[in-house]
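>>> Quick one, fold the following:
(2 chains)
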Amino acid sequence: MEAMRKKAVDALPGSSWTPLEINPNLPPERADIVIVGGGVVGWSIAYWLKQKEMVRGGVRVLVVEKDPTYSQASTVLSAGGIRQQFSLPENIHLSLASADFMRNINDHLGVLNEDPIDLQFNHSGYLFLASEAVAHIMEENYSTQRYAGAKVSLLSPTQLKEKFPWLNTEGVVLASYGLENEGWFDPWTLLNAFKRKAISMGAIQCCGEVTVCTSFFPTSDDGMSACVEQVQMPNSLEYQPVECAIVVNAAGAFSGKLTEMLGIGFGPKQSIAGIPLPVEPRKRYVYVVHCPDGPGLDTPFLIDYSGVYVRREGLGGNYIAGASPEEAAEPDASNLEVDHSFFEENVWPHLAFRVPAFEKLKVTSAWAGFYDYNTFDQNAIIGTHPLINNMYFATGFSGHGLQHSPAVGRAVAELILDGSYKTLDLSGFGFNRILTQEPKLERNIV
Amino acid sequence: MLKILLPTIMLVPTIWAVPAKYLWSTTLSYSLIISLISLTWLKSSAESGWSFLNPYMATDPLSTPLLALTCWLLPLMILASQNHTAPEPISRQRTYITLLTSLQIFLIMAFSATEVIMFYIMFEATLIPTLVIITRWGNQTERLNAGTYFLFYTLAGSLPLLVALLLLQNNTGTLSLLTLQYTPSMQLSSFADKLWWAGCLLAFLVKMPLYGAHLWLPKAHVEAPIAGSMVLAAVLLKLGGYGMMRMMIMLEPLTKELSYPFIIFALWGVIMTGSICLRQTDLKSLIAYSSVSHMGLVAAGILIQTSWGFTGALILMIAHGLTSSALFCLANTNYERTHSRTMILARGLQMVLPLMTAWWFIASLANLALPPLPNLMGELMIITSLFHWSWWTIALTGGGTLITAGYSLYMFLMTQRGPLPAHIISLDPTHSREHLLMALHLLPLILLISKPELIWGWTA
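Okay, here's the model as predicted:
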């Protein structure tokens, strides 16, 4: 009797009961914009799209993420730094805009009646050390950065020793220290803040993997329109075709796989279709060390000219350190296993040389994460592809995705909804530079 | 009469017998020939009487324009459906066209019925093919909900009508429209009489739809495929109007307490649904709400029972049928290219498809009742007769006209002007089929400027 009553109540108009049971985990059959990849860049784009739609419910945004635990996602495995010390003005502006966003994050991403967001943004700044060989590059970069509005200062070795007495300045000719808007923050909090706000504004999320993405008009000469044919549910054979108008490729390290599904990269060698998206996963190690006699609370994010970096983590004498491997010695990117010998051979010697206190330290833990590495010029790829007319890329950040995510999200949302960039002009990061083989390289790549 | 009805019935076996290669061209030309022959009805011998008479079916100047519209719409629906059904298996395509044709048959019989019970049965029968089209060929999961709303709203409204008709049959001994118009006017004294009055009209008010009972319409229009939307907007809503006009003849005199609520609902609905249109993000939803707005004006025009009101209502019904169907076809051309109905994602189309912009322009201007199109004629006659009935209505109808102009221009400017997003730079150019479709919609509308006598009913 009770069950019948409940069934009758369910069947009244206005309730969502239907005679055909629909699996609630499946994504909707139709969405206007499908964002493939639920990392910080994907959710930032979802937030900004919802922010910029002029009417509530204007665009239906679906974010598809294959792993809700984010076990392999670059976002949460990142060291979490943000800096303006780049050589390309676009990168500097991106970081400045993102830092401004994150300083006022509760104005942007605060949700009514929910806890405020605490990014744990440590404004300790980045400290780049330059040797004799690269000091002139550092000076030129310094003037670019100051011109773009970044608050950076150059320090001589004596000033360096005064400011950071624990530093060994041997071999250092010049140092560049960020005074404002630089430091590190908690990537997991940022990701969840974007996600919570976007969902509160109506974005839909789905846990699944895009396994088939084909074209609407396979025989058209004008180019293809991507449509997501299959979103496969995890651990199951069930899939759902999602009809969409726009696909945003924010899949990070795995973006190459999505474009391969459309046949990009498999055409004749000299044609546009033959040039694949040059993004592949590269493994980077991060080691957590404990050193009770270490540098202290004012430790900046130190980056030595040998490529080794270290920053403070928390208040208990822990530090995070790592280094970029040589091109020839790239670790195998098929898994996230950590190679501890890398620390012993490549990181610790330089670390101990630069900061003598680090001669006595203990590695407490380590992890590995992927860079969505742009093999072409290690900078972002943002914009449309000449052949696929409705796929937008927001990938290839090569280690800078997290710090640029708020500004990149805004730029992509402007591109989709307004037709062109409005606040920051990122047309220099378009796909066309890969076709014309004109790399846009940073002068010192970390 | 039979020379139109029998060929339409025979179209069904033709659909199933014709080889797959010739399916669409055959059905298109067949239905086009039927529609051209149906235009002969427009030249009726008797100005105010019934023509083409047989015991069950007849035409008169009220039903003739609607019949011509119905027959004209079938080739247009077939033309519009050709593209989106192309990937389906051939038997499913045949079923689709059979459903459209069966809908046509029921509609022809409904509009030409002389007996009100036959009209009622056909009125109900049109629900079935429409329901099948919406739920089987619609695009999204919400189509099941839409079908439920559509079916149950209309059924719930029409059951009282059945009771009322049976009572009428008992009372007067006949339900033939030919003689019913001569019954003496009845005194609606008891409360049961007033309920009977409401019962006669409720089904048609839900169908029109009246503002309070309009919730099924946006759902059904948005979820239906293009042919479903076209026939819903163009003809099925007019079934409500036609039924109301037939019943009104014998529901005189007008009493204040009975008709005031409905007239006020209708006029208020014009304003409210017009305002909703200004906030819509979905293109088809905007056109659906604009249908409710126009039909509200038609309902008000019919309810005040003056000859100008009736004339204006009929003209507006025909003109709105053509315009609304044209707008749905335009929205469909957008949808087939971008696979999205959201307006914000398909902007600046004038840069990419300039010829389609011309059609958008004419259709939007028709929607906002630009002179000298018949839309204006209908609206003006209704507004003036309402003003004559009560001066206060001018506030609502004037405001409604303003808001209608607002959202029609909003729809045009949003889709055609504005910044061009990067993803719609390369779209398929407009096909000849789409140009033909739009021309066949808007050309009759423009030609009606020169001979509105065809569609203004009994008024001599």
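>>> Can you show me the strands along the stretch 1-150 of chain A?
Taking DSSP state E, counting those that start in this stretch as the test, the strands found in the stretch 1-150 of chain A are A:30-36, A:61-65, A:81-82, A:126-130.
>>> Chain B: which of those is closest?
strand A:30-36 (4.8 Å; C-beta to the nearest C-beta). All C-beta spots, glycine's among them, are computed from the backbone N, C-alpha and C.
>>> relative orientation of that closest one and strand A:61-65 in degrees?
With axes from the mean of the first three to the mean of the last three C-alpha atoms, to 10 degrees applied, the angle from strand A:30-36 to strand A:61-65 works out at 40 degrees.
>>> Check what contacts strand A:30-36 and list those residues.
By C-beta atoms under 8 Å, 6 or more residues apart in numbering or on different chains, the residues outside strand A:30-36 that reach it are A:42, A:45-46, A:49, A:59-64, A:204, A:210, A:228, A:242-251, A:258, A:416, B:139-140, B:340, B:342, B:345.
>>> Parallel or antiparallel, list what pairs with it.
When pairs are called by DSSP bridges, strand A:30-36 turns out to pair with strand A:61-65 (parallel), strand A:239-249 (parallel).
>>> So which bits of the last one are buried?
Within strand A:239-249, the residues that count as buried by 16 or more other C-beta atoms under 10 Å in any protein chain shown are A:239-240, A:242-249.
>>> what do you get for stretch A:82-92?
Residues of stretch A:82-92 classed as buried by neighbour count (16+ other C-beta under 10 Å): A:82-92.
>>> Report how many residues lie close to A:S176.
The local packing count at A:S176 equals 24, with neighbours defined by other C-beta atoms under 10 Å in any protein chain shown.
>>> what about it, which SS state?
Using DSSP: H, G, I helix; E, B strand; the rest coil, the secondary structure recorded for A:S176 is strand.
>>> measure it to A:M102 for me?
Taken as C-beta to C-beta, to the nearest Å, the spacing of A:S176 relative to A:M102 amounts to 22 Å.
>>> Which phi and psi values does A:N379 adopt?
phi -130, psi 170 (degrees, to the nearest 10).
>>> thought it was touching A:G396?
Yes. With contact defined as C-beta atoms under 8 Å, A:N379 and A:G396 form a contacting pair (7.1 Å).
>>> out of the two, which sits in the busier spot?
A:G396 (31 against 23).
>>> Model confidence for the nearest residue to the more buried one once chain neighbours are set aside, exactly?
Setting aside the residues directly before and after it, A:G396 is nearest to A:N374 in space (C-beta to C-beta, 6 or more residues apart in numbering or on different chains), at 3.5 Å. Predicted confidence (pLDDT) for A:N374: 92.
>>> isn't A:N374 right next to A:A380, touching?
Yes. A:N374 is within contact range of A:A380, at 7.4 Å (criterion: C-beta under 8 Å).
>>> Neighbours of A:R196, how many?
The burial count assigned to A:R196 is 18, neighbours taken as other C-beta under 10 Å.
>>> Kindly apply the preceding question to A:M391 instead.
Look at A:M391: counted by other C-beta under 10 Å, it has 25 neighbours.
>>> any idea of the pLDDT on residue 235?
Because you didn't say which chain, this covers chain A. 81.
>>> my question was about chain B
94.
>>> Looks like it contacts B:A68 (just checking).
No. With contact defined as C-beta under 8 Å, B:V235 does not reach B:A68; the gap is 11.0 Å.
>>> Neighbour count for those two, which is higher?
In this view B:V235 and B:A68 are compared by other C-beta under 10 Å, and B:V235 has more residues nearby, 28 against 22.
>>> Please list all residues in contact with that one.
With the criterion set at C-beta under 8 Å, 6+ apart, B:V235 makes contact with B:66, B:69-70, B:73, B:107, B:321.
>>> And those residues, which two are furthest apart?
Taking every pair in the contacts of B:V235 and measuring C-beta to C-beta, the maximum separation is 11.9 Å, between B:L107 and B:G321.
>>> Leaving out chain neighbours, which residue sits closest to the most centrally placed residue in chain A?
Among the residues of chain A, the one closest to the centroid is A:G401, at 2.5 Å (C-alpha atoms, centre = their mean). Take A:G401 and drop its neighbours on the chain: the residue closest to it by C-beta to C-beta, 6+ apart is A:V41, 5.4 Å away.
>>> ok, the one you found - contacts?
If you count contacts by C-beta under 8 Å, 6+ apart, A:V41 has them with A:75, A:250, A:252, A:394-395, A:397, A:401, A:405, A:408-409.
>>> Please flag which of those residues sit within helices.
Among the contacts of A:V41, the members falling in helices (DSSP state H) are A:401, A:405, A:408-409.
>>> so how far is B:R94 from A:N91?
60 Å.
>>> for B:F119, same thing?
In this view, B:F119 and B:R94 are 29 Å apart by C-beta to C-beta.
>>> Looking at the two, which is more packed in?
A count of neighbours by other C-beta under 10 Å puts B:F119 above the other of B:F119 and B:R94, at 23 against 19.
>>> For that one, what is the enclosing helix or strand?
Assigned by DSSP states H and E, B:F119 belongs to helix B:116-125.
>>> Now tabulate the buried residues of strand A:239-249 in a markdown table and tack on distance to A:N181 and pLDDT.
Compiled in a markdown table, those are given as follows (distance: C-beta to C-beta, whole Å; pLDDT from 0 to 100):
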| residue | distance to A:N181 | pLDDT |
| --- | --- | --- |
| A:Y239 | 44 | 86 |
| A:Q240 | 42 | 86 |
| A:V242 | 39 | 88 |
| A:E243 | 42 | 86 |
| A:C244 | 36 | 87 |
| A:A245 | 36 | 87 |
| A:I246 | 32 | 90 |
| A:V247 | 33 | 92 |
| A:V248 | 27 | 93 |
| A:N249 | 29 | 93 |
